[in-house]
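> no sequence on this one, just coordinates:
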């Protein structure tokens, strides 16, 4: 979920939008599919962490905190305020101050026995992101020359250790999830891209087409299985990232898609509450199919517009201000 790259990879920005959009589709009652967008985000995250630290790893963890925390905290406090003032508008979120603190500091908890959901419920993915950032920071400090191998090894060891103790504590149970391996897929995607990005241009069109259809075939097979998520969606997400990096590297995407990629973090966090606003305030459940399709289109358009505005006038200015104040002697 990265933004603000000095040499932004346009097609990855577009893929970030597609990933956020697909997650939004999951929460639209009329559609209800697209959960694999989370897996694409994780693979992209692994790739981008390698990319942004290739030439400059200074202040890496601080930059991640500046990138992730402000908007997450603002929206978390917003939802918590609703839980205090109008609790009937929320499904499973209550004004529990312990839950608030754990949400703000990325500590997993079982929210009212409904599962791993912070106050801002999609924040469960950020708990995994923060663990990855911590592990990647350790890698940068101690194993900079062998980042991929070292980081991958630490992630695997971390998951195995948590698996060994998962019956003892909810946090161990959460971090025993092999979904963390999807960050490794992102690290591998970067290695492949860096090594073969130039050589790819020399491959014949026939070989490119064969490889493309082979990857697409594998994706279609895996997403229709009932294997563990890291295989079911993680490997297809890895292949999708490779397709965007190689096969779509020269494709000219419309600028609006790039802007939406920049705003994808806002879109990802905000969309459930825009959807809930429409369904609860306007009571559009139970309408006929034509009416619900119309409302769904309106919801999508409104959510995209709100996300862009939130990015331009709240997220981006806050991030720039914090980077200016806390990160010195460096181009922003």
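Looks like it arrived, so ask away. From a predicted model like this one, the values you see are computed outputs, not experimental measurements.
> look up how far residue 44 lies from residue 14.
Per CB to CB, to the nearest Å, residue 14 is found 11 Å from residue 44. All C-beta atoms are positioned from the backbone trio N, CA, C, and that covers glycine.
> what about those two, which has more around it?
For residue 14 versus residue 44, neighbours defined as other CB atoms under 10 Å are more numerous around residue 44 (29 against 20).
> distance of the residue lying closest to residue 53 once chain neighbours are set aside from residue 16?
Nearest non-adjacent residue to residue 53, counting by CB to CB, 6 or more residues apart in numbering: residue 60, 5.9 Å away. Plainly put, residue 60 is 19 Å away from residue 16 if you go by CB to CB.
> then residue 47?
For residue 47, the distance to residue 16 - CB to CB - is 11 Å.
> try residue 287
32 Å.
> and if you look at residue 149?
26 Å.
> compare those two and say which one has the larger neighbour count.
Higher neighbour count among residue 149 and residue 16: residue 16, with 30 against 13, using other CB under 10 Å.
> contact partners of the helix or strand hosting that one?
Under DSSP states H and E, the secondary-structure element containing residue 16 is helix 10-26. Residues from elsewhere that reach helix 10-26 (CB atoms under 8 Å, 6 or more residues apart in numbering): 1-2, 31-38, 40-41, 44, 47-48, 122, 240-241, 244-245, 248-249, 251, 253, 257-258, 260-265, 267-268, 271, 275, 300, 303.
> phi, psi for residue 35 please.
Torsion angles at residue 35 (phi, psi; degrees, to the nearest 10) stand at phi -60, psi -20.
> how about the nearest residue to the most centrally placed residue in the chain, chain neighbours excluded?
Nearest residue to the geometric centre of the chain (CA atoms, centre = their mean): residue 41, 3.6 Å. In space, and not counting its chain neighbours, residue 41 is closest to residue 19: 5.0 Å by CB to CB, 6+ apart.
> what number of residues lie near the one you found?
Around residue 19 there are 28 residues (other CB under 10 Å).
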